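# Here's my sequence, what's the structure:
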Amino acid sequence: MDLDGGGSKRIFNRLGGPAQPDPNKNQKVCYHWRAGKCNRHPCPYLHRELPAPPSHGLNGTASSKRQHGFAANTDGPSGPRGRGPNNFSGGGGGASNTWGRSGGGGGGNRVFVRKMDKVCNYWVQGNCSYGDRCKFLHSWSTGDCVSLLTTLEGHQNVVSGIALPSGSDKLYTGSKDETVRVWDCQSGQCLGVINLGGEVGCMISEGPWVFVGIPNAVKAWNTQANSEMSLSGPVGQVYSMVVGNDLLFAGTQDGSILAWKFNTVTNCFEPAASLNGHTLAVVSLVVGANRLYSGSMDHSIRVWNLENLQCIQTLTEHTSVVMSVLCWDQFLLSSSLDQKLKIWAATQTGNLEVTYTHEEDHPLLTLCGMHDSEAKPVLLCACNDNTVRLYDLPSFSERGKIFSKQEIRAIQVGPGGLFFTGDGTGQVRVWKWLAESVATA
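Below is the predicted model of the structure:
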């Protein structure tokens with residue numbers, strides 16, 4: 001039995017502490033330091049964690065965390081590119097239900113050693129004194145699978161749309177500050193600001209065209225012909241748009257979906273149809289498998305036949321606003337403010353039914369699908385806790401997270417592993433998927 005009080009010191013030494021600890025220092029980790037807000041100088045408690053016993057992985061070595069740095073954009077968001085959700089096909093999902101099962105074609109389980117899931121406010125301001133000892137993140141992402149290339153500053157409100165028209169070396173971003181900004185893809189410089197006189201509710205591109213949804217109208221710009229036109233008909237804000245079957249569809253605030261067709265003779269867009277059925281605003285649209293899918297504030301998803309523009313099914317399993325719909329292979333993905341992401345598959349009768357439900361701790365805002373550097377399908381899922389989750393599909397194994405100062409409301413895929421995020425502060429960030437050999441080094 002130790003009567004001299006040295007037993008605790010020997011235990012601390014076995015944990016990896018110094019051979020002769022400071023006798024004036026209490027060998028206890030400061031609670032306030034752990035919370036990142038100790039203001040006692042000097043503090044009688046430790047401002048570091050007691051080392052844990054060494055743990056060995058499968059390779060017998062300790063894991064390391066690669067720090068993110070800025071890299072030059074050698075690809076540039078130009079040239080051929082996919083059409084985002086409309087062109088997002090999976091790698092072997094098949095009709096069998098493997099959603100949420102680890103190892104099901106999505107890279108298996110991944111375990112990352114990481115700090116608290118919060119970006120250090122002092123690091124953001126450039127004056128964190130703890131350095132590597134800080135319990136909070138000194139990075140805008142975790143998971144070592146993506147790298148932040150640059151940040152585009154200029155918008156004064158939420159970025160609600162990002163577009164990359166084909167054949168152009170320009171990036172277009174729209175915001176609720178009632179402007180569209182045009183960026184040079186090589187230099188990252190803002191080339192111009194277009195004042196629209198109304199909040200941008202959404203923005204898409206199709207070929208050389210850029211379409212911008214604003215209150216009571218859709219602005220259409222041909223970036224090759226340098227022409228502009230305004231499409232009238234919407235009532236209230238235009239929240240969503242998509243192109244399918246040579247038609248431009250726009251979801252509006254009054255619950256209707258308007259369609260226009262381009263007339264090559266008159267060189268203008270002419271009204272083609274109005275799809276009615278939703279009782280509240282249509283905030284998400286996607287086209288796939290000769291169907292138009294619409295998500296609404298009325299908590300429902302409607303399925304429309306693209307040939308006759310008739311509603312053939314109404315999906316009512318969500319209990320709040322359906323913020324985003326996405327087609328992946330033969331599946332439909334939908335996310336909602338009810339904190340659920342649902343996977344739908346067609347039955348033998350042709351109707352869609354839920355085959356898997358993924359739950360988050362926060363309401364879901366927007367979905368985007370792309371492929372990583374090894375052509376594996378990845379889901380980008382923005383939540384209202386200012387993060388974007390990166391998931392392998394179909395296993396839903398988490399690859400990492402992207403953090404932001406405010407909610408990310410716009411995600412757009414570019415060429416060469418690039419993608420773009422726009423948040424509530426008005427910032428647009430450019431990201432790039434890292435090669436697997438680099439990410440696991």
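# Dihedrals phi and psi, Gly424?
Phi and psi for Gly424, reported as degrees, to the nearest 10, are phi -70, psi -20.
# Please apply the same query to Asp132.
Dihedral angles for Asp132 - degrees, to the nearest 10 - are phi -70, psi -20.
# so who does the closest residue to it other than its chain neighbours touch?
Closest residue to Asp132 apart from its sequence neighbours, by CB to CB, 6 or more residues apart in numbering: His138 at 7.9 Å. Using the backbone N, CA and C atoms, a C-beta is placed for each residue, glycine as well. Each residue near His138 by CB atoms under 8 Å, 6 or more residues apart in numbering is listed here: Gln67, Val119, Cys120, Trp123, Cys128, Gly131, Asp132.
# Please indicate which of the residues you listed has the highest neighbour count?
Tallying neighbours with other CB atoms under 10 Å puts Val119 at the head of the contacts of His138, with 20 neighbours.
# Please name the bridge partners of it.
Leu137 (DSSP bridges).
# distance of it from Leu365?
Using CB to CB, to the nearest Å, we find Val119 at a distance of 18 Å from Leu365.
# nearest to Val212, of the contacts of His138?
Within the contacts of His138, the smallest distance to Val212 is 31.3 Å, found for Val119 (CB to CB).
# I'd say the closest one and Phe136 touch.
Yes. Using CB atoms under 8 Å, Val119 is in contact with Phe136, at 6.5 Å.
# Would you mind grabbing the residues shared as contacts by those two?
Between them, Val119 and Phe136 share no contacting residue, judged by CB under 8 Å, 6+ apart.
# how about the residue nearest to Val159 when sequence neighbours are not counted, what does it touch?
Distance criterion CB to CB, 6+ apart; nearest residue to Val159, sequence neighbours excluded, is Gly422 at 2.6 Å. The neighbourhood of Gly422, defined by CB under 8 Å, 6+ apart, consists of 155, 158-162, 173, 175, 408-411, 428-429.
# Please convert the residues you listed to CSV, extending it with neighbour count.
Listed next are these as CSV, based on neighbours: other CB atoms under 10 Å:
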residue, neighbour count
His155, 25
Val158, 21
Val159, 30
Ser160, 23
Gly161, 26
Ile162, 25
Thr173, 26
Ser175, 25
Ile408, 26
Arg409, 22
Ala410, 25
Ile411, 24
Val428, 24
Arg429, 20
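# Could you tell me which of those are located in helices?
With helices defined by DSSP state H, no entry of the contacts of Gly422 lies inside them.
# His358 is in what secondary structure piece?
strand 352-359 (DSSP states H and E).
# Kindly report the same for Tyr122.
helix 121-124.
# Please enumerate the helices of the stretch 151-300 of the chain.
For the stretch 151-300 of the chain, helices defined by DSSP state H, counting those that start in this stretch do not occur.
# Isn't Gln189 up against Trp183?
Yes. Counting by CB under 8 Å, Trp183 is a contact partner of Gln189 at 6.9 Å.
# For those two, indicate the residue with more neighbours.
Trp183 (23 against 10).
# Skipping adjacent residues, who's closest to the more buried one in space?
Per CB to CB, 6+ apart, closest to Trp183 is Leu171, 4.3 Å.
# tell me the contacts of the one you found?
Pro77, Leu152, Ile162, Ala163, Leu164, Val182, Trp183, Asp184, Cys185, Phe420.
# What ranges does the stretch 101-250 of the chain have for its strands?
Counting by DSSP state E, counting those that start in this stretch, one finds strands in the stretch 101-250 of the chain at the ranges 116-119, 136-137, 141-142, 146-152, 159-163, 170-175, 179-184, 190-195, 202-206, 209-214, 217-222, 227-232, 238-244, 247-252.
# The fifth one vs strand 209-214, what angle?
If I follow you right, that is strand 159-163. Calculated by axes from the mean of the first three to the mean of the last three CA atoms, to 10 degrees, strand 159-163 forms an angle of 170 degrees with strand 209-214.
# Can you tell me which helices and strands strand 159-163 packs against?
strand 170-175, strand 202-206, strand 209-214, strand 408-413, strand 418-423 (3 or more CB pairs under 8 Å, 6 or more residues apart in numbering; DSSP states H and E).
# so which of these gets nearest Asn384?
Per CB to CB, nearest to Asn384 of these: strand 408-413, 9.3 Å.
# Give me the mean pLDDT for the closest one.
For strand 408-413, mean pLDDT is 96.
# Quick one, grab the pLDDT at Gln186.
Gln186 is assigned a predicted lDDT (pLDDT) of 89.
# If you could redo that for Pro44, that was the one I meant.
76.
# before we move on, the earlier item: next, format the contacts of His138 as TSV and append pLDDT.
As requested, those are exported to TSV (pLDDT from 0 to 100):
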residue	pLDDT
Gln67	30
Val119	78
Cys120	79
Trp123	72
Cys128	82
Gly131	78
Asp132	76
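# closest to Thr349 out of the helices and strands packed on strand 159-163?
strand 202-206 (32.3 Å).
# Now do that closest one against strand 238-244, angle only.
Using the same axes, to 10 degrees: strand 202-206 against strand 238-244 is 20 degrees.
# so what strands line up beside strand 202-206?
According to DSSP bridges, strand 202-206 forms sheet pairs with strand 209-214 (antiparallel).
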